[in-house]
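>>> starting from these lines, generate the structure:
(2 chains, ligands or ions: 4)
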Amino acid sequence: MVKEKLVLEINDLVVNYETDNGTVHAVNGINLKLKQKQSVGIVGETGAGKTTTALAILNLIPQPTGIIKNGTIIVDGKNMLTISESDLRMMRGKGVSMIFQDPMTALNPVFTIGEQIAESVRIHEGVSNKDAMQRAIEMLEIVGIDKDRAYDYPHQLSGGMKQRVVIAIALACQAKLLIADEPTTALDVTIQAQVLELIRSYREKYDTAMILITHDLGIVAETCDEVAVMYAGVIVEYGTLEDIFNRTKHPYTEGLFNSLPNIIERRSKLTPIPGMVLDPTILPDGCVFADRCSYVIDTCRTTFQKDIAVSDTHIVRCSRYQEPGFNIKRMIA
Amino acid sequence: MSEPILQVKKLNKYFKTKRGLLHAVDGVSFDLEFGKTLGVVGESGCGKSTLGRTIIRLLEPTGGEIYFEGKDITKLKGKALINFRKNIQMVFQDPFSSLDPRMSVGQIIAEPINLHKLAKDKEDVERRTLELMDTVGLAQRWYGSYPHQLDGGRRQRIGIARALALKPKMIICDEPVSALDVSIQAQILNLLKELQETRNISYLFITHDLSVVYNFSDDIAVMYLGKLVEKAPAEELFRNPIHPYTKALLSAIPVPDINKKRQRIILEGEVFSPINLPDECRFRARCNLRFDMCAKHEPELKEVEPNHFVACWANN
Ligand SMILES: Nc1ncnc2c1ncn2[C@@H]1O[C@H](COP(=O)(O)OP(=O)(O)OP(=O)(O)O)[C@@H](O)[C@H]1O
Ligand SMILES: Nc1ncnc2c1ncn2[C@@H]1O[C@H](COP(=O)(O)OP(=O)(O)OP(=O)(O)O)[C@@H](O)[C@H]1O
Ligand SMILES: [Mg+2]
Ligand SMILES: [Mg+2]
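Ligands and ions are numbered 1, 2, ... in the order given. Below you'll find the predicted structure:
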């Protein structure tokens, strides 16, 4: 059997931030493999380490506080953590292109949005200024922004328009791997649908694999092949869409589904997961979710949690699945 | 029926741009009842934030009137404006960029208390600040921390604590939970609901998340290119949407269920530019129902069923 070529391979990634309040354990041993064209959704609590994982792939962890403690990251055969600065620059764009979570920090307030998209086109396609501007205007129209807006500055645009400009910049690069960090949080659903469709056709055209970081399980259901559920720096559950949505195993994943407001039954109060996320400077011996888990037993707090394979495609990090017959309510009901 | 807390009448906000006047808010009228929530949804760039900012008078209205508790506040200036602002506060989407990174959590929450000289002395400021932190579920140990050290959910709690400092009667929430993960989103929404129940706060709740607005609002207003195109009680709007834009919007909600495939209405055609708008229906180019009237005049918002308002020639 020929081994399928991987676009991305992350092995045992550990990332810390050294802060005045102590060491933040942002990512604690993540493994992730992505094949060509494949798309994986990363969902999870704020502070779970989703953005940190994405930044590590680009070798862009903020210095000097951020430290990659351990792990390898291979993108399209190149080790992102050891290649030369010039190779790295080339990989950021042609290899991996990222749509950043906060459009404001990604845009420069003193240049028009047309200039900023054109700049990205120029760098990646080596075309003339005039052609780059022409392409920039096309890109704007593709993301649903009137071409007259090319001469506007970021502050003249609404939140969602800025987000679409950032998407246009990322899509100008034709990369092997696209990382989209909450790409549609500021968009209404109709434009969101257009943008997701745009990303889909772009990926089809360039065979681009994608990591989609989002809080929206509805978007995951519509755009991803596989899902990684992250909590406190670890992937607590990984599987195909079917695995995660129809055969949910981890109590945290169950909590996520229960928190969602839905459009079938109107409720004045929602059901969040009780308690708060762990202090990220504390690395517990046992399960990271134990304090908030309704299935917790004493040993959860003390035993190191290993990945348990539920099937070939489905992994859960919950030691209770070693007990015969154990299951969460979502799956019993 | 009691007097509404907020009445907005034919409100306009135009921006001067190189290409002409941009009609960000264009003749918007609605009432908000005491202790109720009006959700505002609509396309990105349709003027939701501008509407909120104009009502709270962070932006000067170009035309129209705003009444707060029956009092015309459209032209308030100086001290009167500052006093009015105590009654109505704003909570923003991105708590990070709306919080001063050099100020500690305690300082940020105390700022409005100091600004409006509400406290007797330093101890009183601190007492009130800690009380507010408690109300919004922020542990005291964060008092001396800085915003960047907190996660998005806690930062949003700071924004809410700060908004509550002046005991406002109304809060304009501009995408307050869009940046939060679903569990924290549920916590913050429950917190806002509790505050409404205990303090009778009225909300203008701007969001593009329809499942959130459905669960959170009493009434929902749908905005398109600066205008309200439909307004109805939440349940009614979801069960019986009338405007073609509302229908498209509802059909595009992504549902977290891989077993249900839904039929989506895809909007085609160009979005009109909000500059130099002609007198015709501004949704016309993207609409699947086209009548002669659509190109001749802009439809007005009309009550087609009790409390259900629509601006569409197909229903006029
Ligand atoms: N530059 C930094 N300095 C210090 N700590 C940081 C920094 N960036 C992130 N962290 C911390 O690292 C942890 C992981 O953060 P990260 O931004 O990766 O989470 P996330 O999953 O992307 O969250 P969100 O959903 O809120 O975007 C958090 O505890 C966060 O506070
Ligand atoms: N300061 C400004 N100068 C010029 N135009 C502006 C300014 N602020 C907003 N606009 C324009 O006004 C219109 C409405 O913007 P607004 O920010 O109110 O939209 P929004 O509905 O809040 O969108 P989003 O959902 O993307 O946040 C947009 O066309 C925007 O470009
Ligand atoms: Mg993030
Ligand atoms: Mg806005």
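>>> and the gap between A:Lys147 and A:Asp188?
Computed with C-beta to C-beta, to the nearest Å, the distance linking A:Lys147 and A:Asp188 is 21 Å. In this view, the C-beta of every residue, glycine as well, is placed from N, C-alpha and C.
>>> quickly check: stretch B:77-95 near ligand 3 or not.
No. When contact is scored as C-beta under 5 Å from the ion, no part of stretch B:77-95 falls within range of ligand 3; the minimum is 12.5 Å.
>>> and the contacts of that stretch?
Residues lying outside stretch B:77-95 but in contact with it, judged by C-beta atoms under 8 Å, 6 or more residues apart in numbering or on different chains, are A:102, A:104, A:159, A:186, B:52-53, B:55-58, B:68-69, B:73, B:76, B:98, B:116, B:147, B:152, B:155-156, B:158-160, B:163-164, B:166-176, B:178-179.
>>> which residues touch the residue of the stretch 51-200 of chain B found nearest chain A?
Chain A sits closest to B:Ala186 of the stretch 51-200 of chain B, with a gap of 3.7 Å, by C-beta to the nearest C-beta. B:Ala186 makes contacts with A:Ser259, A:Leu260, A:Pro261, A:Leu270, A:Thr271, A:Pro272, as judged by C-beta under 8 Å, 6+ apart.
>>> now do B:Arg128
With C-beta under 8 Å, 6+ apart, B:Arg128 has these contacts: B:Ala110, B:Ile113, B:Leu118, B:Ala119, B:Ala165.
>>> any chance of the residues you listed in a markdown table, plus neighbour count and secondary structure?
Compiled in a markdown table, the contacts of B:Arg128 are given as follows (neighbours: other C-beta atoms under 10 Å in any protein chain shown; DSSP: H, G, I helix; E, B strand; the rest coil):
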| residue | neighbour count | secondary structure |
| --- | --- | --- |
| B:Ala110 | 25 | helix |
| B:Ile113 | 19 | helix |
| B:Leu118 | 16 | coil |
| B:Ala119 | 16 | coil |
| B:Ala165 | 24 | coil |
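>>> I'd like to know which of these is nearest to ligand 1.
Checking the contacts of B:Arg128 against ligand 1 with C-beta to the nearest ligand atom, the nearest one is B:Ala110 at 23.6 Å.
>>> wouldn't the closest one be in contact with B:Val125 here?
Yes. Shown here, B:Ala110 and B:Val125 form a contact pair, counting by C-beta atoms under 8 Å, at 5.1 Å.
>>> so which bits of the helix or strand hosting B:Gln107 are buried?
B:Gln107 belongs to helix B:105-115 when elements are defined using DSSP states H and E. By neighbour count with 16 or more other C-beta atoms under 10 Å in any protein chain shown, helix B:105-115 contains the buried residues B:Val105, B:Gly106, B:Gln107, B:Ile108, B:Ile109, B:Ala110, B:Glu111, B:Pro112, B:Ile113.
>>> got JSON lines for those residues, with pLDDT too?
Converted to JSON lines, these look like this (pLDDT from 0 to 100):
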{"residue": "B:Val105", "pLDDT": "94"}
{"residue": "B:Gly106", "pLDDT": "95"}
{"residue": "B:Gln107", "pLDDT": "95"}
{"residue": "B:Ile108", "pLDDT": "94"}
{"residue": "B:Ile109", "pLDDT": "94"}
{"residue": "B:Ala110", "pLDDT": "95"}
{"residue": "B:Glu111", "pLDDT": "93"}
{"residue": "B:Pro112", "pLDDT": "91"}
{"residue": "B:Ile113", "pLDDT": "93"}
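>>> where do the helices of chain A begin and end?
Per DSSP state H, chain A has helices spanning A:50-57, A:85-90, A:103-106, A:113-125, A:129-142, A:159-171, A:189-206, A:217-223, A:241, A:251-259, A:298-302, A:329-332. These are given in chain order.
>>> got the residues of the stretch 1-150 of chain B near ligand 4?
Contact residues, the stretch 1-150 of chain B versus ligand 4 (C-beta under 5 Å from the ion): B:Ser49.
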